[in-house]
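Novice: Any chance you can model this:
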Amino acid sequence: METPNTAEHPAVPDAPASAPVRFDTKIAVLLREDLETWQRLNVTAFLVSGIGTEVPDVIGEPYADADGNDYLRMFRQPVLVFEGTKETLTSAHGRALSRGVALSVFTSDLFATGHDGANRAAVRAVGRDQLDLVGLAVYGPKNAVDKIVKGARMHP
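Specialist: The predicted structure follows:
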């Protein structure tokens, strides 16, 4: 493992490969506690894809194995997954909007849609306060994200 390039990723401190890396930012996913297992996995995958496309600095370098096979880039820092009640998600959503962090949402309506255009239309059809949130993902300064997910617990 090589030392992170701090010129390319200023949020990654220059540290030896064996030392823990401390990030000044955080990626967090908050899921509604009543989701089925397959829904939790699906929602998490959809939500973090939004962060990766909107915040390119959070993506690390490509991977390769010793045989020369190339693999896709992934997040350069951990993704923390939390769960909470519907009310917890509603509160976190409001805090995220007020703090202006990168935010993606997944509503219960999206389980019934079949493609990206239908997903966007389903979210656009509902006002902010009526969104039936089943998940959200946020990326931003560590302290802000901690305040946004306050009241949630780590996913088991």
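Novice: Look at residue 117 and give its secondary structure.
Specialist: helix (DSSP: H, G, I helix; E, B strand; the rest coil).
Novice: before we move on, what about residue 106?
Specialist: strand.
Novice: okay but it is in contact with residue 131, surely?
Specialist: No: contact criterion C-beta atoms under 8 Å: residue 106 and residue 131 do not qualify, at 9.7 Å. Where C-beta positions appear, they are placed from N, C-alpha and C, glycine not excepted.
Novice: More neighbours: the two, which one.
Specialist: When residue 106 and residue 131 are compared for neighbours, residue 106 comes out ahead with 29 against 19, by other C-beta atoms under 10 Å.
Novice: For the more buried one, give the beta-bridge partners.
Specialist: Residues in a beta bridge with residue 106, per DSSP bridges, are residue 135.
Novice: how about it, what does it touch?
Specialist: Going by C-beta atoms under 8 Å, 6 or more residues apart in numbering, residue 106 touches 43, 46, 47, 133, 134, 135, 136.
Novice: check which helix or strand covers the second one.
Specialist: When you say that, I think you mean residue 46. Element membership of residue 46 [criterion: DSSP states H and E] is helix 37-54.
Novice: what's that helix in contact with?
Specialist: 27, 29, 31, 35, 58-59, 75, 79, 81, 102, 104-106, 110-111, 134-137, 139, 155.
Novice: chain center to it, what's the gap?
Specialist: Centroid separation for helix 37-54 versus its chain: 7 Å, with C-alpha atoms, centre = their mean, to the nearest Å.
Novice: got it, and stretch 52-72?
Specialist: On C-alpha atoms, centre = their mean, the centre of stretch 52-72 falls 17 Å from that of its chain.
Novice: three-state assignment of the residue of the chain most remote from its centre?
Specialist: The centre of the chain is farthest from one residue, residue 67, which by C-alpha atoms, centre = their mean lies 31.5 Å away. Secondary structure state of residue 67, per three-state DSSP, is coil.
Novice: Next one, pLDDT for it please.
Specialist: On pLDDT, residue 67 comes in at 98.
Novice: Tell me which stretches of this protein form helices.
Specialist: 37-54, 86-99, 116-124, 142-148 (DSSP state H).
Novice: could you redo the ones you listed as TSV and give each row mean pLDDT and distance to residue 20?
Specialist: Shown next, in TSV, are those (pLDDT from 0 to 100; distance: least, C-beta to C-beta, whole Å):
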stretch	mean pLDDT	distance to residue 20
helix 37-54	94	22
helix 86-99	97	26
helix 116-124	96	37
helix 142-148	97	14
